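Novice: Sequence and predicted model, in that order:
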Amino acid sequence: MCVPAGTRNHFALDVGVDRHDLTGALDAFTGGVERRIDAAEVNGRMFLNNVSLGIYGDAVRSPAYRDAKARTLLETAAEVMGPGAGELALDLVHELGHEYRHPAIVLVSNNPYALDRPLARGTRPALDSGQLGIVVLDAPGDSPHSPGRAWAAPRLEVNAPAPVHAGVDGEAVDLDPPLRFASRPASLRVRISPRHPGASPSARLHLPGYPPA
C-alpha cells in the first residue's frame, strides 16, 4: 500500500494514488484493487522511481538541497558544467552499441518517463513494462547532435574509474562501479484505493472516460 505522506509523492502519482487524499488512500488496506508492478535495482539495491548520476547526484549531497532544490541544482550545475569543471567520468553503451562517454547527466528510471507528452511530462505511463527508462544529457557544446537521448532497455551497465555520487530515489549514496541496473518485472504487489485513479496522468491521457490530466 502507498500512503501519500511524503514530499512530492512521486511514486504515489505514477501508481495512481490521489496524492491529496491521504485518508482515502488507507482504504487500500481493506478494499484495495491489487495489481503487479515492476521494481528496479542498481548493484542489488532496489529503487522505485529513479537513480540520477551527474548534476542531480551531486546536488542531493548538499545540506541545502531539501530546503532550496531549484537553487541548489542551479548552483551545482554551474559548478559541474561551468568553465574549468572536470568531466563526469562515466561510460555507458546504448543497447544498439553506441557508446556515451562523459555525459553531464544520466537518469535511469523504473519504467520510462513520458517525455513526449507535455501535459503529463515527468510521470511514467506504466509501471509494468519490464523496462528501464534511460536518459543521457551531454554538457552544452559537447555533442554535435542532439544533447539529449532517451531509450528503454531491461538492463544497463555504467562504468566509472571511482565510486559515483548518485541520487537513489532522492537519497544521496555512493555507488561502486560498475553500476549494474536491471528491471525486476512484476516483483511488487500494490493495492490502490478503489476511489483513486489507479493510473498515472500520462496513462490517463489515453484512456477513454478520463479527462486530460
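Specialist: All right, it came through fine. Just so it is clear, the structure is predicted and the values come from calculations on it, not from any experiment.

Novice: hey, which strand is longest across this structure?
Specialist: In the chain, assigned by DSSP state E, the strand with the most residues is strand 179-192.

Novice: helices or strands up against that one?
Specialist: helix 28-31, strand 33-42, strand 132-137, strand 155-159 (3 or more C-beta pairs under 8 Å, 6 or more residues apart in numbering; DSSP states H and E). Quick note: C-beta positions are derived from backbone N, CA and C, even for glycine.

Novice: Touching the longest one from outside, list them.
Specialist: It stands for strand 33-42. 15, 46-48, 51, 108-111, 127-130, 132, 166, 168, 175, 179-194, 198 (C-beta atoms under 8 Å, 6 or more residues apart in numbering).

Novice: and with 7 Å instead?
Specialist: 15, 46-48, 51, 110-111, 127-128, 130, 132, 168, 175, 179-192, 194, 198 (C-beta atoms under 7 Å, 6 or more residues apart in numbering).

Novice: again, but for the first one
Specialist: By C-beta under 7 Å, 6+ apart, the list of residues contacting helix 28-31 from outside reads Met1, Arg191, Ile192, Ser193, Pro194.

Novice: Now it: average pLDDT?
Specialist: Mean pLDDT, helix 28-31: 94.

Novice: now stretch 169-183
Specialist: 93.

Novice: Ok, stretch 196-210 next?
Specialist: 75.

Novice: now do stretch 156-163
Specialist: Rounded mean pLDDT across stretch 156-163 is 94.

Novice: Flag every buried residue along it.
Specialist: Leu156, Val158, Ala160 (16 or more other C-beta atoms under 10 Å).

Novice: cool, and stretch 175-188?
Specialist: Buried-residue list, stretch 175-188, by 16+ other C-beta under 10 Å: Leu175, Pro177, Leu179, Phe181, Ala182, Ser183, Pro185, Leu188.

Novice: cool, stretch 128-136 as well?
Specialist: Per 16+ other C-beta under 10 Å, stretch 128-136 contains these buried residues: Ser129, Gln131, Leu132, Gly133, Ile134, Val135, Val136.

Novice: residues in contact with that stretch?
Specialist: 36-38, 40, 100, 103, 106-109, 111-113, 148-154, 156, 181, 183, 185-186.

Novice: Now find how far off-centre that stretch is within its chain.
Specialist: Relative to its chain's centre, stretch 128-136 lies at 9 Å (C-alpha atoms, centre = their mean, to the nearest Å).
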